[in-house]
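Participant: A predicted structure for the sequence below; I have some questions about it.
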Amino acid sequence: MARDYFTANGLTTSQMMVQAMKYRREFDMQHVELVDIVDILEFKLVGRYPNFKLAIERDSEMKEDALAEPHKDRITVKESVYLAACSGNAEARLVLAHELGHFLLHREKDVQMHKDQNGAVQPIRNMKATESIEDQADMFARHFLAPPHLAYRYKDEPKALAAATGVPLRISKGNITMSKWPEVYAIRFEQGARHPQKNDV
């Protein structure tokens, strides 16, 4: 299992939505429904971090699905996960977005950050989502791939949101619920104002 770490710089869900949209804009993905996460990792990160390296390892050489090492400007991905993401697999896309979240949000941590199917081991009991780097990376991934304005646009169609944004159905359903929160209205409205649709508000 991956090891979780404490962060004092954690964001609330609403703050993470804003942060995820900031990075969508920086990667010129603000106007698309289906973020090309592979393109971001292969080409766009190098524009911001010239020393960045995406490494693809054989499955036999990695226990975890992927590994972010922001302090070394590197993300390593298991070959099967990388190929699945290239083919549009929703779970694999989520793994890559999770590692991108670690890379962008946790550059102060000089530790390896893993994503595997078994979750994370938390060395500190009862960490809040704002304190756990794994929870923070999960929040980033879900809102980076399916931001609130898109979730609200598809508010009655979770399967359509999942298909449009390339996320697992469970993420789609959760994001639709969060997009309806009163405190998310301003975030949704601001995002939707940049590229409005008739049923965004």
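Facilitator: Sure, I can see it. Numbers count the residues shown, from 1 in each chain.
Participant: which stretches in the protein count as strands?
Facilitator: Remark: strands assigned in the chain by DSSP state E are 2-3, 53-57, 66-69, 74-78, 113-115, 120-121.
Participant: which of those comes out lowest on mean pLDDT?
Facilitator: Mean pLDDT is lowest for strand 113-115 out of these, coming in at a mean of 44.
Participant: residues in contact with stretch 90-104?
Facilitator: For stretch 90-104, contacts defined as CB atoms under 8 Å, 6 or more residues apart in numbering pick out 23, 35, 37-38, 40-41, 45, 65-68, 70, 75, 77, 81-82, 84-85, 113, 115, 133, 136-142, 144-145, 162, 166-168, 171. Using the backbone N, CA and C atoms, a C-beta is placed for each residue, glycine as well.
Participant: narrow these to those in helices?
Facilitator: 23, 37-38, 45, 81-82, 84-85, 133, 136-142, 144-145, 162, 171 (DSSP state H).
Participant: return the helix or strand in the protein with minimum mean pLDDT.
Facilitator: With mean pLDDT, DSSP states H and E as the measure, the helix or strand of the chain carrying the lowest mean pLDDT is strand 113-115 (a mean of 44).
Participant: residue contacts, Glu42?
Facilitator: With contact taken as CB under 8 Å, 6+ apart, Glu42 is in contact with Leu54.
Participant: number the residues from 53 up from this point.
Facilitator: From this message on, residue numbering opens at 53, which makes the last subject Glu94.
Participant: now do it, the pLDDT please.
Facilitator: pLDDT at Glu94 comes out at 97.
Participant: same question, Thr182
Facilitator: With respect to pLDDT, Thr182 has a value of 57.
Participant: now swap in the one 10 residues further on and tell me
Facilitator: The per-residue pLDDT reported for Phe192 equals 97.
Participant: Gln188 too?
Facilitator: 90.
Participant: from what I can see it touches Met68, true?
Facilitator: Yes - using CB atoms under 8 Å, Gln188 is in contact with Met68, at 7.2 Å.
Participant: can you tell me the closest non-neighbouring residue to the residue nearest in space to the middle of the chain?
Facilitator: Central residue of the chain (CA atoms, centre = their mean): Ala193, 1.3 Å from the mean position. Among residues not flanking Ala193 along the chain, Ala149 sits closest, at 3.6 Å (CB to CB, 6 or more residues apart in numbering).
Participant: quick one: that neighbour and Glu113, what's the gap?
Facilitator: From Ala149 across to Glu113, the span is 23 Å (CB to CB, to the nearest Å).
Participant: which non-adjacent residue is nearest Arg126?
Facilitator: Lys105 (4.9 Å).
Participant: determine the longest helix present in this protein.
Facilitator: helix 142-157.
Participant: dump that one to CSV, restricted to CA.
Facilitator: C-alpha atoms of helix 142-157 as CSV (Å, rounded to 0.1, in the frame of the first residue of the first chain):
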residue,chain,number,x,y,z
ALA,A,142,-11.3,6.0,-16.9
GLU,A,143,-9.6,4.5,-13.9
ALA,A,144,-6.1,4.8,-15.5
ARG,A,145,-6.9,8.4,-16.5
LEU,A,146,-7.8,9.1,-12.8
VAL,A,147,-4.5,7.6,-11.7
LEU,A,148,-2.5,9.9,-14.0
ALA,A,149,-4.5,12.9,-12.8
HIS,A,150,-3.9,11.9,-9.2
GLU,A,151,-0.1,11.8,-9.8
LEU,A,152,-0.4,15.2,-11.6
GLY,A,153,-2.1,16.5,-8.5
HIS,A,154,0.8,15.3,-6.3
PHE,A,155,3.3,16.8,-8.7
LEU,A,156,1.7,20.2,-8.8
LEU,A,157,0.4,20.5,-5.2
